[in-house]
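Undergrad: Show me the folded form of this:
(one chain, ligands or ions: 1)
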Amino acid sequence: MSEAWWQRAVVYQIYPKSFQDSNGDGVGDLPGITRRLPYLSKLGIDVIWLSPVYASPMDDNGYDISDYRAIAPVFGTMDDFDRMLETAHGLGMRIVMDLVVNHTSDEHTWFKESRKSKDNPYRDYYYWRDPVDGHEPSNMGAVFGGSIWEWDEATGQYYLHCFSKKQPDLNWENPSVRDEVYDLMDFWLAKGVDGFRMDVIGMIAKNASFPSGDVGPTGYSDLWPLFNDEQVHVWLREMRERVLSRYETMTVGECVGATVQTARKYANLDGSELSMVFQFEHVGLTGSAERGKWTTDKPKLSELKRVFERWETGLEGVAWNSLYWDNHDQPRAVSRWVEAGKGHRVLAAKMLATCLHLMKGTPYVYQGEELGMTNYPFASVEECDDLEAHDAYRMLTQDCGCSHDEAMDALRAICRDNARTPMQWDASEQAGFTTGEPWLPVNPNHTHINAASQVDDPDSVFIHYRRLIELRKRSELVRQGTFELLLPQSEELFVYERRLGDERMLVACNFCDCVVSFEVPARYEGGRRTAYNYAKPIEGTLRPFECFALIA
Ligand code: ISL
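TA: Numbers count the residues shown, from 1 in each chain. Now for the predicted structure:
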C-alpha cells in the first residue's frame, strides 16, 4: 500500500500565545512564528499544527471563536498569516489549522443572533431547551465546572455548553450549521492550509434526550453519555465527501472517549473519515471518580504499555495511529511520566522521545518538548491563567475537602498552564520570548533549559529529537513495521519490537532511575545500535533512563 504524506510526517504543535512574541505585548504572535520557522526546519519537522489564531474573546485562549474567517488582532493580521503560510511552505513545511466547531464563542454573530428570540433564523444553530420542573433539563456537568445548561433570561430557555458558558455548543443536526462549517473549511483550504486538527470532534453528535445520571461530589453527573458514537461518523463522512475529498489534507480528530474500535472507523485507511485521531487512554490512566484528573497519581508502567500495545496492534493494517506525550492540555511529559528524571532530566527526555518516536504512527512534538521543558512550580492558583485550573482549585477545596496544599499539589502535577508557559529560547530575562511582560511567567529553569544552548550541542535533547525524526524519514521499518510488546509485566522497562519483511528493530527503554538487568535477545546480535542516550552500551544492563534501538 502506498504511503500517504502524513504517514511519513512528524508534526510540531505551536501554541501561539506562548511561542514567540514579536511586538513586546507579552503574547506570542504570527510574525513571531514566522521568525522561528527556520528553527523548526532545523528540527526536521514536516507539519505544524497551529492552535487557534482566529478572532476570539480568549475565554479559553482561542478555543472560543467569534469569527472563523478572521485573525485575532493579538496574533496579527491576515497578511501576517499569509506570510507565515508562504514561508512555511517555502521551507517544505505544511500547516494544519485547529478547527473548533463543536462550539463557538458566545460572542460569535450566530450566537448573538440565536439568543435574540425563539424565532430568529439562527435559533437552531445551538441547543435551546425549556426548564424541566423549573430546573435545568438534565444534571450533567460541564468540563470546566457547573451545569452544561446556562439560563438565558431574555428568551426564558437554557442553552447547552459542554465547556465554559462562553462556549455554546453548535447544533450539528441543523443542516445549515454543517453547511457553514464546510464553507469555512473550504475558505482555509482554498488559502492553502494543509488540513485540520479537529477540536473535540468526537463530541459533535449528541444524544438529544440529554440523559441525566448519578451525581458525584460536584453535584453533577458524568458528561460522556451525552455523545452519540454512531452519528458522528455519518457527519465525518459527509464532511469528507463535501470538502476534504477535494484537497490533499491531513486531518486529526481529538476524540476524548475514542476506543480502538471507534478509532478503526474514524481513522480507517480507506480514507472515508479522518487521517488519524488523538486517543486519551494513556493520558487518562490516572485520576479518580471523586477528583477527576486532579490527582498526583503516577500511572503503572505496565498499564501504560498495555494501552500503547492495544492501540499499536489494534489499528495495525486497518487504521492509523497518532503518537503523543504532550500537548497544550497536558502537563510536561518529562515531569509527568518520569518525575523530570530525578536528576537525569536530559537522559529521561531522550528516553521518552525514543520510546514514542519508534512506534508506528505519526508522532507529535509539543513546543518545548524537544528541549525537555518541565512543569512550572506554581505557588498559588493566582499564578495560573487557565479557567479550568481556577475551577479545579474551587472544586478540590470546596467540594472534595482538599487542603490548599493538596489542591496545589494536584494543580502543579496536572494543570494545563504547565504546558503554556512561554517557550524557552535562551537564557535571557524572559527567555527570548518577549521584550515585555509575558502573559504567563517564564519557567525559572530557562537559564539552563533553552533552545540556544541545545541547537548545536550534539548531546542535547533537541539533537536527539532531530536524529529520531531523520531516522523515521530514512526507515520504512520505523514507519510501517508491525509492533510487538516484550516484557509486558516489567514496571521498569518498556521494550518492544518492530518488524517489516526480514528487518527487525528492538527498542529498549528504562523508565526508572535505577540500573535494571536486561539481556538483548540473541536474534539482535551484531545489530546496529541507534537512538541511544548513553554513548557505550554495558552488556546485560540498562542504566537510569537508558534507551537504545537495535536494528537487525
Ligand atoms: O484538558 C482537558 C480537561 O481536563 C481535556 O478534557 C480537554 O478539555 C479536552 O481534551 C478538550 O480539549 C479541547 O477542547 C477544549 C479546549 O479547552 C482544549 O484546549 C482543547 O484541546 C474546548 O475547546
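
Undergrad: make it CA atoms for all contacts and neighbour counts henceforth
TA: OK.

Undergrad: give the contact list for residue 361.
TA: 7, 320, 321, 322, 323, 479 (C-alpha atoms under 8 Å, 6 or more residues apart in numbering).

Undergrad: Among those residues, which one is most surrounded by other residues?
TA: Compared across these, residue 321 has the highest neighbour count, 27 neighbours, by other C-alpha atoms under 10 Å.

Undergrad: residues contacting that one?
TA: 267, 276, 277, 311, 312, 315, 360, 361, 362.

Undergrad: which residues does it form a beta bridge with?
TA: residue 277 (DSSP bridges).

Undergrad: begin at 53 from here
TA: All right, first residue 53 from here; so that's residue 373.

Undergrad: can you tell me which of the contacts of residue 373 are in helices?
TA: When the contacts of residue 373 are checked against helices (DSSP state H), the matches are 363, 364, 367.

Undergrad: where along the stretch 353-502 of the chain do the helices fall?
TA: For the stretch 353-502 of the chain, the helices defined by DSSP state H, counting those that start in this stretch cover 353-367, 385-388, 397-409, 439-446, 456-466, 469-472.

Undergrad: returning to that earlier point: residue 356: which of the contacts of residue 413 is nearest?
TA: residue 375 (13.2 Å; C-alpha to C-alpha).

Undergrad: Could you check how far the closest one is from residue 558?
TA: 18 Å (C-alpha to C-alpha, to the nearest Å).

Undergrad: now swap in residue 238 and tell me
TA: Residue 238 is 44 Å from residue 558, by C-alpha to C-alpha.

Undergrad: Who has more neighbours out of those two?
TA: Between residue 238 and residue 558, residue 558 has the larger neighbour count (other C-alpha under 10 Å), namely 25 against 18.

Undergrad: And the pLDDT at residue 62?
TA: The model reports residue 62 with a pLDDT of 98.

Undergrad: Over to the one 10 residues further on?
TA: The predicted structure scores residue 72 at 99 on the pLDDT scale.

Undergrad: can you tell me which helix or strand it belongs to?
TA: Per DSSP states H and E: residue 72 is located in neither a helix nor a strand.

Undergrad: do residue 535 as well
TA: Counting by DSSP H and E, residue 535 is found in strand 534-538.

Undergrad: next one: that strand to chain centre, how far?
TA: Relative to its chain's centre, strand 534-538 lies at 25 Å (C-alpha atoms, centre = their mean, to the nearest Å).

Undergrad: Ok, stretch 442-461 next?
TA: The answer for stretch 442-461 is 25 Å, by C-alpha atoms, centre = their mean.

Undergrad: What's the end-to-end length of it?
TA: Per C-alpha to C-alpha, stretch 442-461 runs 14 Å from first to last residue.

Undergrad: and it, average pLDDT?
TA: On average, the pLDDT along stretch 442-461 is 96.

Undergrad: Give me every residue in the protein lying close to the ligand.
TA: 112, 115, 215, 251, 252, 381 (C-alpha under 6 Å from any ligand atom).

Undergrad: Quick one, which of these are buried?
TA: The neighbour count (16 or more other C-alpha atoms under 10 Å) marks 112, 115, 215, 251, 252 as buried among the residues of the chain next to the ligand.

Undergrad: and of the residues you listed, the nearest to the ligand?
TA: The shortest approach to the ligand among these belongs to residue 115, at 4.5 Å (C-alpha to the nearest ligand atom).
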